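>>> Fold the following for me, if possible:
(one chain, ligands or ions: 1)
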Amino acid sequence: MMSDKAVYSIRYGGADLNYADFERAKVIVVPAPYEGTVTYRKGTANGPSAIFEASGNMELLDEELNTETHKIGIHTMAPLDIANLSAQAMIEKVHKTEKDIFAAGKFPVLVGGEHSVSIGAVKAAKEAVGEMSVLHLDAHYDLRNEYRGSKYSHACVSRRIQESAPVVLLGMRSLSREEKDFLGASNNIARCISAYDILNDSLWDKKTLEALKDKVYISIDLDVLDPSIMPAVGTPEPGGLGWYLILDILKMVVQEKEIVGFDVAELAPLEGDITSDFLASKLIYRLLGYIFFGKNKKR
Ligand SMILES: [Mn+2]
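All right, here's what the predicted structure looks like:
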């Protein structure tokens, strides 16, 4: 018999196995512990296991929604064997895995790993659902065409994603010259809502919704959050979103759009500080609650 700790470290949502087998589950969690292109503080390969371990200590009654979200069935796959792959091969593996999940009629939740894991997931979502947008929450624009020799770097995620589907970027507060020039050129970035827009433009929420198509894939780089509540990221930027703001944004989008899948990436756990691990774990649970028990229930 496995100890509780071992169980928690390999799956999301903790103890109740009754709802977690693949056949019954509506949600498939895909651990993607990859950090091949990380350039600053490392550790994202440990993100999924830290999130799963934290999730074992989380209340399964969602106190905001008054739901036991885990009863939809949240199945956690074995971690993808991608640690030693090139970024391109890793993306292909994620693509194939997510494609199979869509084909089985299930809802994929990809847990990184560095953010480049999202590239394959978005491609699979687009192929499965057709017309859709990506809502990409990030402190960074991630629009470089290439970074330190790789087109699949974490710094190029939005640039690659917008080749599959139109992207709405939200929460950014760090921009390079190359990225700014790209935004002025022809591209598939439907809208940029920076952290400054959220502060200064009272219509930012309406503009976000207007720019999104009816079907939306959500990609969350955890560094979109303020480092005061999410210190465990590779490239922390001051001035990020707070907990209740990101919840409001997600709730708003879930109520107006159909969410087809999401990912949460870039947790690089800090030794001795579980704050970020727990936040990431709860964010996933709350977002699943909004999606499966939200006002405009579409499932
Ligand atoms: Mn980022």
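>>> Around the ion, pick out the residues from the stretch 101-250 of the chain.
Proximity of the stretch 101-250 of the chain to the ion, by C-beta under 5 Å from the ion, involves residues Asp138, Ala139, His140, Asp221, Asp223. For the C-beta atoms, the positions are set from N, CA and C on the backbone; glycine is no exception.
>>> List the ones among those that fall in strands.
Asp221 (DSSP state E).
>>> Closest one of the residues of the stretch 101-250 of the chain next to the ion to Arg148?
His140 (14.7 Å; C-beta to C-beta).
>>> what's the burial count for the closest one?
25 (other C-beta atoms under 10 Å).
>>> Please look at it and Leu222 and confirm they touch.
No. Between His140 and Leu222 there is no contact under C-beta atoms under 8 Å: 11.8 Å.
>>> What mean pLDDT does stretch 128-144 get?
Stretch 128-144 shows a mean pLDDT of 97.
>>> can you map out the strands along this protein?
Using DSSP E, strands in the chain cover 27-32, 74-76, 107-112, 133-137, 167-170, 189-193, 215-221, 258-265.
>>> Contacts for the fifth one, please.
Right, strand 167-170. With contact meaning C-beta atoms under 8 Å, 6 or more residues apart in numbering, strand 167-170 is reached by 133-138, 141, 158, 161, 188-193, 198, 208, 211-212, 224, 249.
>>> PyMOL command to pick out the buried ones of these?
To isolate the buried members of the contacts of strand 167-170 in PyMOL, using 16 or more other C-beta atoms under 10 Å:
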select buried, resi 133+134+135+136+137+138+141+158+161+189+190+191+192+193+198+208+211+212+224+249
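>>> Below-threshold pLDDT in the stretch 51-200 of the chain: ranges please.
For the stretch 51-200 of the chain, applying pLDDT under 70 flags no range at all.
>>> which residues in it form helices?
87-103, 118-129, 157-161, 177-184, 195-200 (DSSP state H, counting those that start in this stretch).
>>> Could you identify which of those is most buried?
Most buried of the helices of the stretch 51-200 of the chain, by mean neighbour count (mean count of other C-beta atoms under 10 Å): helix 157-161, with a mean of 27.
>>> Can you give the contact residues for that one?
Applying C-beta under 8 Å, 6+ apart, the contact partners of helix 157-161 are 115-116, 118-119, 122, 134, 136, 138, 141-145, 151-152, 167, 169, 182, 189, 219, 221.
>>> And for Leu267, the neighbour number?
Counted with other C-beta under 10 Å, the neighbours of Leu267 add up to 30.
>>> Kindly state the beta-bridge partners for it.
Beta-bridge partners for Leu267, by DSSP bridges, are Val233.
>>> Touching, it and Asp277? I think so.
Yes. Using C-beta under 8 Å, Leu267 is in contact with Asp277, at 6.7 Å.
>>> could the residues of the stretch 101-250 of the chain next to the ion go into CSV alongside distance to Pro108?
Converted to CSV, those look like this (distance: C-beta to C-beta, whole Å):
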residue, distance to Pro108
Asp138, 19
Ala139, 24
His140, 24
Asp221, 17
Asp223, 22
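>>> Out of the residues of the stretch 101-250 of the chain next to the ion, which comes closest to Leu287?
Relative to Leu287, and with distances defined as C-beta to C-beta, the nearest of these is Asp221, at 14.3 Å.
>>> Find the nearest non-adjacent residue to Gly43, please.
Spatial nearest neighbour of Gly43, excluding adjacent residues (C-beta to C-beta, 6 or more residues apart in numbering): Ala268 at 3.4 Å.
>>> Look up how far Pro48 lies from that neighbour.
12 Å (C-beta to C-beta, to the nearest Å).
>>> the more surrounded of these two?
Remark: of Ala268 and Pro48, Pro48 carries more neighbours, 30 against 26, as counted by other C-beta under 10 Å.
>>> Just confirm the more buried one contacts Val111, I think it does.
Yes. Using C-beta under 8 Å, Pro48 makes contact with Val111 at a distance of 4.6 Å.
>>> between those two, what contacts are shared?
Pro31, Ala32.
>>> if we can go back for a sec, so what's the residue nearest to Gly43 up against?
Listed by C-beta under 8 Å, 6+ apart, the contact partners of Ala268 are Glu35, Val38, Arg41, Lys42, Gly43, Thr44, Asn46, Gly47, Ala232, Val233, Gly234.
>>> The residue of the stretch 51-200 of the chain found nearest the ion - nearest residue in space that isn't next to it in sequence?
Nearest to the ion, among the residues of the stretch 51-200 of the chain, is His140, at 3.8 Å (C-beta to the ion). Closest residue in space to His140, ignoring its immediate chain neighbours: Ser174 at 5.0 Å, by C-beta to C-beta, 6+ apart.
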